[in-house]
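Undergrad: I'll drop the sequence and a predicted model, then ask my questions.
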Amino acid sequence: MKEPTAQVTPLPQFQRVHQQRFTVDYDYPVYFTERVFGIDNAAFCEALSRKEPGKRHRFMVFVDENVAAYRPDLLSDIAAYAQHYGQKLELVAPPETVPGGEAVKNDPQLVERLQRRLLELGIDRHSYVVAVGGGAVLDLIGYVAGTTHRGVRHVRVPTTVLAQNDSGVGVKNGVNAFGMKNFLGTFAAVRGLE
């Protein structure tokens, strides 16, 4: 018995395949500092403006409510910092708190509410979303930033050792879904301030 032979028919011109390839090169600084929102510390301003120093950079800050409770002056410090560096920075709205802890990553309505908030504030791919808090809050806000406008610029300010190691210098963002930890997520290089 003869083996069947396959005949290869050339593709017509309109069906040709052209292989495409691209590479994305990530470059992001990780700043180590103290009192990041002290007006005598320009690290945060530098992080937002280093690549476009002549531009005024719009940003919004979300703070872990546990951190805000521990540091009651933090929200006003952020606003004062933005005012002090007003030639380079524009805080688009007063900083807002979000719930902290792992449970925050289980609430799809919170993700949608935060995405809608970024829309209301006109946060776009040229703006920044800043997260201040523990790892769960950094993961949540990172996911919101990473899925809004196909990725909004994001700065993380970790406040715990775990957040520094896992979320602060990493590129992982995620929320829990369908009973699985970090089931929905993105990888996005971010600027971190340690």
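TA: The structure has been received and is ready for your questions. What you see is a predicted model, and the numbers here were worked out from it, not measured in a lab. Residues are numbered from 1 along each chain as shown.
Undergrad: What distance do you get for residue 63 to residue 127?
TA: From residue 63 across to residue 127, the span is 17 Å (Cβ to Cβ, to the nearest Å). From N, CA and C alone the C-beta is placed, and that goes for glycine too.
Undergrad: With residue 186 instead?
TA: Taking Cβ to Cβ, one finds residue 186 at 18 Å from residue 127.
Undergrad: Test my guess that residue 134 contacts residue 64.
TA: Yes. Applying Cβ atoms under 8 Å as the test, residue 134 and residue 64 come out as touching, 5.6 Å apart.
Undergrad: So if I had to pick from these two, which one is more boxed in?
TA: Per other Cβ atoms under 10 Å, whichever of residue 134 and residue 64 has more neighbours is residue 64, with 30 against 23.
Undergrad: In contact with that one, which residues?
TA: Applying Cβ atoms under 8 Å, 6 or more residues apart in numbering, we find residue 64 in contact with 97, 98, 100, 132, 133, 134, 137, 159.
Undergrad: Can you get me a residue count around the fifth one?
TA: This means residue 133. Per other Cβ under 10 Å, the neighbour tally for residue 133 reads 30.
Undergrad: ditto for residue 105
TA: Counted with other Cβ under 10 Å, the neighbours of residue 105 add up to 24.
Undergrad: Same question for residue 41.
TA: Residues near residue 41, counting by other Cβ under 10 Å: 16.
Undergrad: what's the closest non-adjacent residue to it?
TA: Spatial nearest neighbour of residue 41, excluding adjacent residues (Cβ to Cβ, 6 or more residues apart in numbering): residue 35 at 5.5 Å.
Undergrad: measure the one you found to residue 130 for me?
TA: As defined by Cβ to Cβ, residue 35 lies at a distance of 16 Å from residue 130.
Undergrad: So which of those two has more stuff around it?
TA: More crowded of residue 35 and residue 130, by other Cβ under 10 Å: residue 130, with 24 against 10.
Undergrad: just checking, the more buried one touches residue 47?
TA: No. Contact between residue 130 and residue 47 fails when scored by Cβ under 8 Å: they sit 9.4 Å apart.
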